[in-house]
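Enquirer: need a structure here:
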Amino acid sequence: MQPTEKTKQDLLKAIPSLRAFAMSLAGNPDRADDLVQEALIRAWANLGSFTEGTNMVAWLYTILRNAFYSEYRKRSREVEDVDGRAAAAQAMPPSQLDHMNMCDFRTALMTLPADQREALVLVGAAGMSYEEAAEICGCALGTIKSRINRARTRLAQMLSVENGADFSADPEWQAVLEQPAPAARAG
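Expert: Sure thing, here's the model as predicted:
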């Protein structure tokens, strides 16, 4: 639909009241001007849906109000994060490394002698005490302790684990997380 001269004039006449309405919604003159501009752009693009002879201002108010609430909903899901701290807090290490470490552990565990593997699984994975494990395996307490010690030592050798720090987060990933956030650039 080609806008008539009257429609153009009605659009222009509505701007001051649109701006006042936008100020009441946004509370900020710059934001209000942006809302008015957005409403006018939407109105112009959808002029074909306006019925000639109806209330132009009410139609524009509806467009402006809908634009305000659409943006409000969008902004409520956004987080201002100029220094990158919120994004860094959401960062997760890649799961591939953990998966591959677990595959390596399973392979190494399966190469242990059955009596050592059984003792280690009962105490380490099932959470049983040495006494309970000894009773289940039908052997002396010292034997269970010895089997577990040999199993742990052998696993550490196979997995190249020298100390407890080797079980902490991947050093490369830790370095990424500990990097200072980039400074905000002046624009």
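
Enquirer: any idea how far Val123 is from Met158?
Expert: 19 Å (Cβ to Cβ, to the nearest Å). Placement of C-beta: from N, CA and C, glycine included.

Enquirer: more crowded one of the two?
Expert: Each of Met158 and Val123 has its neighbours counted (other Cβ atoms under 10 Å); Val123 has more, 21 against 15.

Enquirer: Could you find the closest non-adjacent residue to that one?
Expert: The shortest distance from Val123 to any residue that is not its chain neighbour, by Cβ to Cβ, 6 or more residues apart in numbering, is 5.2 Å, and that residue is Ala133.

Enquirer: Hmm, that neighbour is touching Leu120, no?
Expert: No: between Ala133 and Leu120 no contact is recorded; they are 9.2 Å apart, counting by Cβ atoms under 8 Å.

Enquirer: Which neighbours do these two have in common?
Expert: Residues touching both Ala133 and Leu120 (Cβ atoms under 8 Å, 6 or more residues apart in numbering): Ile148.

Enquirer: can you list the residues that contact stretch 41-59?
Expert: For stretch 41-59, with Cβ under 8 Å, 6+ apart as the criterion, the contacting residues are Met1, Pro3, Thr4, Thr7, Asp10, Leu11, Ala14, Ser17, Leu18, Leu60, Ile63, Ala67.

Enquirer: change it to 7 Å
Expert: Contacts made with stretch 41-59 from outside it, assessed by Cβ atoms under 7 Å, 6 or more residues apart in numbering, are listed as Met1, Pro3, Asp10, Leu11, Ala14, Ser17, Leu60, Ile63, Ala67.

Enquirer: can you tell me which helix or strand Asp34 belongs to?
Expert: Asp34 is part of helix 29-45, with elements assigned from DSSP states H and E.

Enquirer: and that helix, C-alpha only, in CSV?
Expert: As requested, C-alpha coordinates have been extracted for helix 29-45 and formatted as CSV (Å, rounded to 0.1, in the frame of the first residue of the first chain):
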residue,chain,number,x,y,z
PRO,A,29,15.6,10.0,26.8
ASP,A,30,18.1,8.2,24.5
ARG,A,31,16.3,4.9,24.9
ALA,A,32,13.0,6.6,24.4
ASP,A,33,14.3,8.1,21.1
ASP,A,34,15.4,4.6,20.0
LEU,A,35,12.0,3.1,20.8
VAL,A,36,10.2,5.8,18.8
GLN,A,37,12.5,5.2,15.9
GLU,A,38,12.0,1.5,16.1
ALA,A,39,8.2,1.9,16.3
LEU,A,40,8.2,4.3,13.3
ILE,A,41,10.3,1.9,11.2
ARG,A,42,8.0,-1.0,12.1
ALA,A,43,4.9,1.1,11.4
TRP,A,44,6.3,2.1,8.0
ALA,A,45,7.2,-1.4,7.1
